[in-house]
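Asker: My questions concern the predicted model and sequence given below.
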Amino acid sequence: MENTRHNFSSQLLLHLQRSKRSFYAFIYLLSLCLLAYNSAAIFCTQLPVSPERRTPTPSPENVAGKSRKFFSVHSQAKLSSSVLYSVAEENPTPKMNTHLPLLHKNRILAPMIPKLFEERVSEFFAGGGSFSCKFRFFMTWISSVESFGERELFAVNSLFKSHPNGCLIIASSSLDSVNGSEILKPFSDKGFKIAAITPDFNYLFNNTPAQSWYNRLMQGNVNTGVVPLGQNLSNLLRLGLLYRFGGIYLDTDVIILKSFGELKNAIGAQTLDHETGNWSRLNNAVMVFDKGHPLVYKFIEEFALTFNGRKWGHNGPYLVSRVVSRVSGRVGYDFTVLPPMAFYPVDWSRIGSLFKGPSGNLIHSKWLVAKLRQIRSESFAVHLWNKQSRKLEVEKGSVIHHILMSV
């Protein structure tokens, strides 16, 4: 009996010792697992996730949505309603408009974009083989890819018809996509040099007065006001592109009629003072400037120092008017102010007259014939003033009808 108890005690002790070893082994294994997990956490980098893209709300400047037929000329034909700018919220706040996809993308990819952006632009203009970019054109498109419609395509077509050896970069994050490539493919298939490239504001504004302004904007420390932020960013973006690379900037509702070959460092007057004959306002829808031109630098500086999101045109047409009036005549600022007929043969308030046909009105018919002759003789391009003209019908026999048939 005593031997039985002794054997049982020995077996129980042995079992406990084995269990103890198993327990220590389990604790050791668990420690290794925890150590491995911590090591992985230390060396892994969490990538930023892009916020959900949202379609910008259409601006009253232009109407969003698919474009209506631009080429039809009859009683039901209406011009394409196109969008260049995204719009601010109904109740704007002092903070930046966080609904602008381009800003989100720029902020997240800023550390990686500069070299890529610069390389893409440089390689595009460098070309290859026998083709060379005699003219560098830029447009901007800060809206959805779907809203790039017939009016914009017609403007691009007019550009290449007048400048077959020109190159066009559309600074746009939405068009820099598979869908955007499909939209622009017909031009590439015809041998024209065109590309949509996502702009990098950090690179474009580096070492300019706009750099600190843009940094404050990204931090939410700029009162963007009631004017759509996209519209104001487009005003600044076109300046950055011209300053960095030099070339010709065009709005997407500008129809080119003849070559810009004779233009150098030029900006167009929108209106004249009828008493003095001097210009009273300039416009920034068409600009031609060399790389690093001091006047463009002054434009950028004025934007950064006097930005106002509460007044329409303050950071665009009125800005270039203010600066040019101050620097005119100074040494080192070599540029030309072209008369309104160069790009703005009619002011925005009279754009409707270019869409009206003869309609049996003898006075208008005579004006129409004279205006068409004048435009063909003196104008390099016609600005269509989208805000005012997007809903107008292209009447048969009108100035715009003749332009559509000839371009």
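Answerer: Ah, there it is. Numbering: from 1, shown residues only.
Asker: all contacts plus neighbour counts: C-alpha atoms, from now on.
Answerer: Will do.
Asker: residue ranges of the strands in the chain, please?
Answerer: Taking DSSP state E, the strands of the chain run over residues 135-140, 166-171, 193-197, 247-250, 254-256, 266-272, 279-289, 336-338, 381-383.
Asker: Of those, flag the one that's most buried.
Answerer: Sort the strands of the chain by mean neighbour count, taking mean count of other CA atoms under 10 Å, and strand 254-256 sits at the top with a mean of 25.
Asker: strands paired with that one, and their directions?
Answerer: strand 381-383 (antiparallel) (DSSP bridges).
Asker: residue contacts, residue 178?
Answerer: Applying CA atoms under 8 Å, 6 or more residues apart in numbering to residue 178 gives no contacts.
Asker: And residue 125, by the same measure?
Answerer: Applying CA under 8 Å, 6+ apart to residue 125 gives the contacts 132, 133, 136, 167.
Asker: Identify the residue nearest residue 166 in space, chain neighbours excluded?
Answerer: Counting by CA to CA, 6 or more residues apart in numbering, residue 135 is the residue found nearest to residue 166 once chain neighbours are left out, at 4.4 Å.
Asker: How many residues are close by residue 374?
Answerer: By other CA atoms under 10 Å, the residues close to residue 374 number 13.
Asker: Of the contacts of residue 125, which is the nearest to residue 203?
Answerer: Comparing these against residue 203 with CA to CA places residue 136 closest, at 18.9 Å.
Asker: Looking at residue 333 now. What's its pLDDT?
Answerer: Turning to residue 333, the model gives it a pLDDT of 94.
Asker: Number the chain from 14, please
Answerer: Yep, numbering from 14; the last one is residue 346 now.
Asker: Report the separation between it and residue 336.
Answerer: Residue 346 sits 11 Å away from residue 336, going by CA to CA, to the nearest Å.
Asker: Now the contacts of residue 138 in CSV, please, with extra columns for pLDDT.
Answerer: Formatted as CSV, these follow (pLDDT from 0 to 100):
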residue, pLDDT
145, 82
146, 90
149, 97
180, 97
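Asker: of all the residues you listed, which two lie farthest apart?
Answerer: Farthest-apart pair in the contacts of residue 138 is 145 and 149; separation 10.2 Å (CA to CA).
Asker: circling back to that earlier point, would you mind confirming that the residue nearest to residue 179 makes contact with residue 176?
Answerer: Yes - assessed by CA atoms under 8 Å, residue 148 is found in contact with residue 176 at 7.5 Å.
Asker: burial measure for residue 309, as a count.
Answerer: Neighbours of residue 309 using other CA under 10 Å come to 26.
Asker: Next up, the contacts around it.
Answerer: With the criterion set at CA under 8 Å, 6+ apart, residue 309 makes contact with 252, 255, 256, 302.
Asker: Same check on residue 334?
Answerer: By CA under 8 Å, 6+ apart, residue 334 lies in contact with 294, 295, 296.
Asker: how near is residue 359 to residue 218?
Answerer: The gap separating residue 359 from residue 218 is 34 Å, by CA to CA.
Asker: My error: substitute residue 227 in the last question.
Answerer: In this view, residue 227 and residue 218 are 8 Å apart by CA to CA.
Asker: Of these two, give the one with the bigger neighbour count.
Answerer: Neighbours per residue (other CA under 10 Å) separate residue 227 from residue 218, with residue 218 holding more: 23 against 20.
Asker: you'd agree the more buried one is up against residue 224?
Answerer: Yes - between residue 218 and residue 224 a contact is recorded at 5.0 Å, counting by CA under 8 Å.
Asker: Quick check: closest non-adjacent residue to residue 272.
Answerer: Closest residue to residue 272 apart from its sequence neighbours, by CA to CA, 6+ apart: residue 175 at 5.3 Å.
Asker: how many neighbours does that neighbour have?
Answerer: By other CA under 10 Å, the residues close to residue 175 number 17.
Asker: That one contacts residue 205, correct?
Answerer: No - Residue 175 lies out of contact with residue 205 (CA under 8 Å); the separation is 11.8 Å.
Asker: hang on, the earlier thing: so among the contacts of residue 309, which ones count as buried?
Answerer: Using 16 or more other CA atoms under 10 Å as the burial test, the contacts of residue 309 include 252, 255, 256, 302 as buried.
Asker: and the last one, what pLDDT?
Answerer: In this model, residue 302 is scored at 98, pLDDT.
Asker: Could you double-check that it sits in contact with residue 263?
Answerer: No - counting by CA under 8 Å, residue 302 sits too far from residue 263 to count as a contact (11.9 Å).
Asker: show me the contacts for the nearest residue to residue 174 once chain neighbours are set aside.
Answerer: Nearest-residue entry for residue 174: residue 420, 7.3 Å, with adjacent residues in sequence omitted and distances by CA to CA, 6+ apart. Residue 420 makes contact with 171, 174, 270 under the criterion CA under 8 Å, 6+ apart.
Asker: separation between the second one and residue 419?
Answerer: Relative to residue 419, residue 174 is positioned 10 Å away (criterion: CA to CA).
Asker: If you count surrounding residues, which of these two has more?
Answerer: residue 174 (17 against 9).
Asker: can you give me the helices in the stretch 164-313 of the chain?
Answerer: 191-202, 214-218, 223-231, 242-258, 307-319 (DSSP state H, counting those that start in this stretch).
Asker: Output the ones you listed as a markdown table; include the columns mean pLDDT and distance to residue 140.
Answerer: Shown next, in a markdown table, are the helices of the stretch 164-313 of the chain (pLDDT from 0 to 100; distance: least, CA to CA, whole Å):
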| stretch | mean pLDDT | distance to residue 140 |
| --- | --- | --- |
| helix 191-202 | 96 | 13 |
| helix 214-218 | 95 | 21 |
| helix 223-231 | 96 | 30 |
| helix 242-258 | 96 | 15 |
| helix 307-319 | 98 | 26 |
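Asker: what about the ones you listed, which gets the closest to residue 380?
Answerer: helix 242-258 (34.1 Å).
Asker: what's the angle from the closest one to strand 179-184?
Answerer: Between helix 242-258 and strand 179-184, the angle comes out at 140 degrees (axes from the mean of the first three to the mean of the last three CA atoms, to 10 degrees).
Asker: low-confidence ranges in this structure?
Answerer: For the chain, residues meeting the criterion pLDDT under 70 lie at 14-128, 141-143.
Asker: OK, contacts around residue 355?
Answerer: With contacts defined as CA under 8 Å, 6+ apart, the neighbours of residue 355 are 281, 391, 392, 393, 394, 395.
Asker: hmm, which two among those residues are most spread apart?
Answerer: With CA to CA as the measure, no two of the contacts of residue 355 lie farther apart than 281 and 391, at 12.8 Å.
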